[in-house]
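Student: Below are the sequence and a predicted model for it; my questions follow.
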Amino acid sequence: MRRKDLHVVALAAVAFLAAVSLQVARDRWYPRDDPQREQVLYVRSGAALQRIVLSFDALAADVYWIRAIQHYGGDRLSGPGAQTKYQVLYPLLDLTTTLDPYFNIAYRFGAIFLSEAYPGGPGRPDQSVALLRKAIVAMPHKWQYYHDIGFVYYWRLRDYQSAALWFQRAAAQPNAPNWLAPLAASMLVHGNDRAAARFLWQQIAKSEEPWLRRNAERSLLQLQALDQIDQLEAIARKYSPPVGEQYSWSGMVRRRLLRGEPVDPVGVPYVVDPVTGHVHVSEQSPLVPMPEEPRRLQ
Amino acid sequence: MRAVRVVAVNVFRESVRDRVPYNLVLFAVLLISSSYLLGQLTAGQDVKIIKDLGLAATSVFGLFIAIFIGIGLVSKEVERRSIYSLLSKPVSRAQFITGKYAGLVLTLAVNVSVMAIALYAILGYMVWTEPPTIRAGWDAPGIDPALLKAIVLIFIELMLITAIALFFSTFSSPILSAAMTFGLYIAGHFNSELKNFERVVSSRAAAQLARGAYHVLPDLSAFDVKTEVVHGLPVTMGYMGSTALYGLAYVAALLLIATFIFSRRDFK
């Protein structure tokens, strides 16, 4: 390389470094991060988008899927506050599945997280069901979608009749596991109990998808915590605090009702209400928010 | 036949001289960097997305090669006036057109083959690094031979687009040829909308006109089976065969018309 060429290359490198430095400085001086920008969806019609992207609909679906994941993860990590929380999660998943109707994981992601109560999700089981119904139109013989609708009716909407109906439909599909039919029958008879919830989450925990498994494992720990809370409240009922004292773990330990301060399945101490003796999971526990305890049929 | 081969080999050499294979490096960089980034972003869908990306990139890169080289195949020779010396040799105009077309198709075949190998190599690496529990959740195997079905149809679609570009190149300027080829590419992907036009209009004449346009315009959406192969859905050999034959018949028709127009052109 000639000397003159080296000068040109060096000058180009300097100019490029100057551009990068200016960019870094400008971003520091004039921050452009706009939290609202991510919430914007310029095209909401899946049918229109399908035409715009020509034959690249699967790739466009991937882009919307990545956006849905980022939107969900970003909102979940940003903590409570903004009223626009998870605002475009459903439209993003709807666009993803319109562009690629066989995008199995987008339907299942929606089924779990759209229905999850705030702050874990937008708390919209209706949107979960709508997305799963769309999945059934695309793939009518996949028992998992019928099962997922049943699960949303059971776990989120507490509609055990509808849940049993969807579990029955799931059981009628090819390759459906044999536990679905007895589950549907038991749900019709007993409505709901924690054992059924545990069984359903255990099935989901067998999924190949790591994030589905993680969510199911967390729910199983919450169910374990609910069992422990029942036992601790039974102990608290046996314990009547001496006059002038309130309900406390130390008091129960002194009475030898407990061996030590009880902790939840992730190791955070439970909290006992000093006046009523009711036990609950600490606000510091990763298990919060706890699921609403399903009603038992009378 | 020899004349066709000589013209074709020259087109291929010229494309190599024009640094067309550089796009292969870009393709490889795109796939390798995406395979790393997607693992962090896609919640376990990286293999599906790499397949989508690989097939889409094969299609887009091929489209650009087909259009931007295809439109210059004839017009460049005319502009450079090398057409005079070429046609003074024992090469008929039909052989010239066929040779030009075959050369660009050869370039595309090499490109598509290398891209397919690169895609399989990346998928092989991903299969090797993923544990069996994750692999069990994939809709289709990581290294899926069925991907070749999509790649073959992409290649035939590119052959068709090359024929369209060459056809326009025989009687039009490069810019106009590019615009018209790109326009036909877009129209070809909307073509299936015209098939059942009578459902949305009451005029019988309009419906018949739309039906006629459906048959005349290239039906490019038929070549798109990317979604099906990525999800492991069946694409029958009957469908593959009939679509491939449709593409080849359309190419033959375009080349014959291009030859017809070109043989009547006066270069004085």
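Tutor: Perfect, I can see it now.
Student: isn't residue A:56 right next to residue B:55, touching?
Tutor: No - contact criterion C-beta atoms under 8 Å: residue A:56 and residue B:55 do not qualify, at 9.3 Å. Placement of C-beta: from N, CA and C, glycine included.
Student: In terms of packing, which of those two has more residues around it?
Tutor: With neighbours defined as other C-beta atoms under 10 Å in any protein chain shown, residue A:56 and residue B:55 compare such that residue B:55 has more, 27 against 22.
Student: what's the nearest residue to that one if we skip its chain neighbours?
Tutor: Sequence neighbours aside, residue B:226 is the residue nearest to residue B:55 in space, at 4.7 Å (criterion: C-beta to C-beta, 6 or more residues apart in numbering or on different chains).
Student: Could you measure from residue A:41 over to chain B?
Tutor: 19 Å (C-beta to the nearest C-beta, to the nearest Å).
Student: how about the helices of the chain, start to end?
Tutor: Using chain A. Ranges of helices within chain A are A:3-29, A:46-52, A:57-77, A:89-99, A:104-113, A:125-138, A:143-151, A:160-171, A:180-190, A:194-205, A:210-238, A:249-254, based on DSSP state H.
Student: actually chain B
Tutor: Secondary structure of chain B (DSSP H): helices located at B:2-17, B:22-41, B:46-70, B:72-79, B:82-87, B:93-129, B:132-135, B:147-169, B:174-195, B:204-216, B:226-230, B:237-263.
Student: export the ones you listed to JSON lines and tack on mean pLDDT?
Tutor: What follows is those, written out as JSON lines (pLDDT from 0 to 100):
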{"stretch": "helix B:2-17", "mean pLDDT": "87"}
{"stretch": "helix B:22-41", "mean pLDDT": "75"}
{"stretch": "helix B:46-70", "mean pLDDT": "90"}
{"stretch": "helix B:72-79", "mean pLDDT": "83"}
{"stretch": "helix B:82-87", "mean pLDDT": "81"}
{"stretch": "helix B:93-129", "mean pLDDT": "91"}
{"stretch": "helix B:132-135", "mean pLDDT": "78"}
{"stretch": "helix B:147-169", "mean pLDDT": "95"}
{"stretch": "helix B:174-195", "mean pLDDT": "89"}
{"stretch": "helix B:204-216", "mean pLDDT": "86"}
{"stretch": "helix B:226-230", "mean pLDDT": "92"}
{"stretch": "helix B:237-263", "mean pLDDT": "93"}
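Student: Would you mind listing the residues in contact with the residue of the stretch 151-298 of chain A found nearest chain B?
Tutor: In the stretch 151-298 of chain A, the residue that lies nearest chain B is residue A:208 (2.8 Å; C-beta to the nearest C-beta). For residue A:208, the contacting residues are B:133, B:134, B:136, B:137, by C-beta atoms under 8 Å, 6 or more residues apart in numbering or on different chains.
Student: Can you get me a residue count around the third one?
Tutor: Burial of residue B:136 is recorded as 9 neighbouring residues (other C-beta under 10 Å).
Student: How about it, nearest residue that isn't a chain neighbour?
Tutor: Of all residues not flanking residue B:136 in the chain, residue A:208 sits nearest, at 5.0 Å (C-beta to C-beta, 6+ apart).
Student: Backbone dihedrals for the residue of the stretch 151-298 of chain A closest to chain B, please?
Tutor: When read as degrees, to the nearest 10, the backbone of residue A:208 gives phi -80, psi -20.
Student: pLDDT at the residue of the stretch 101-250 of chain B found nearest chain A, what is it?
Tutor: Closest residue of the stretch 101-250 of chain B to chain A, C-beta to the nearest C-beta: residue B:137 (2.8 Å). You'll see residue B:137 listed with a pLDDT of 74.
Student: same question, residue A:35
Tutor: 53.
Student: With the one 4 residues further on instead?
Tutor: With respect to pLDDT, residue A:39 has a value of 63.
Student: Identify the residue nearest residue 137 in space, chain neighbours excluded?
Tutor: Unless you meant another one, I'm taking chain A. residue A:101 (8.0 Å).
Student: wait, I meant chain B there
Tutor: Leaving aside its chain neighbours, residue B:137 sits nearest to residue A:208 (2.8 Å; criterion: C-beta to C-beta, 6+ apart).
Student: Around chain A, pick out the residues from chain B.
Tutor: Of all the residues in chain B, those in contact range of chain A (C-beta under 8 Å from any C-beta of the partner chain) are B:38, B:41-45, B:48-49, B:52-53, B:55-56, B:59-60, B:133-134, B:136-137, B:139, B:186, B:189-190, B:220-221, B:223-224, B:226-227, B:230-231, B:233.
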